[in-house]
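J.: Below is the sequence, then the predicted model.
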Amino acid sequence: MSKLGCTCGHIITDQTNDIPYKAKFIRDQDFEGYTEKYSDDIASFIDAVKEGTRDEWIKQYFTETYPTNLSNSSIVFDIISSQTRIFDGDLYQCENCGRIKVQVQDKNLFASFLPEDDRYKAIFEKFERQNDAS
């Protein structure tokens, strides 16, 4: 998605990364399947590394052209990322009116929800976690 129209007339754009009015979500009903899938795939990859069949596993899991010279941690990251793309959805918040646009299943269709007040207009901005010294 590169542009999404809001009911208020504002155009929400998505043409870069690190957007303060965008978020990703995984539906609770999908979460267990998501974590099981990438966990099983990572375990399978680890077994292939132990068995000396790493390159064959990579070509079968990804594609023939996927680079096999990446670090194991990069491969694990790509396994998780590939499953995340299957299970996640997008959320956008209109910078003008504050409406939340929620992706419907895996379609290019969004449902709108309007916050009850203006206190939550920038709800998806980066959350700075505090180090807990306790």
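T.: Good, I have the coordinates. The shown structure was predicted, so the numbers you read here are calculated from the model rather than taken from an experiment.
J.: and residue 59, what element?
T.: Secondary structure assigned from DSSP states H and E places residue 59 in helix 54-61.
J.: Check residue 48 too.
T.: Residue 48 belongs to helix 28-51, assigned by DSSP H and E.
J.: What angle do helix 28-51 and the next helix or strand after the helix holding residue 59 make with each other?
T.: Once the chain leaves helix 54-61, the next helix or strand it forms, by DSSP H and E, is helix 72-87. Interaxial angle of helix 72-87 relative to helix 28-51 (axes from the mean of the first three to the mean of the last three CA atoms, to 10 degrees): 150 degrees.
J.: which of the residues in helix 72-87 are buried?
T.: By 16 or more other CB atoms under 10 Å, the buried positions in helix 72-87 come out as 75, 76, 78, 79, 80, 83, 87. (C-beta placed from N, C-alpha, C; glycine too.)
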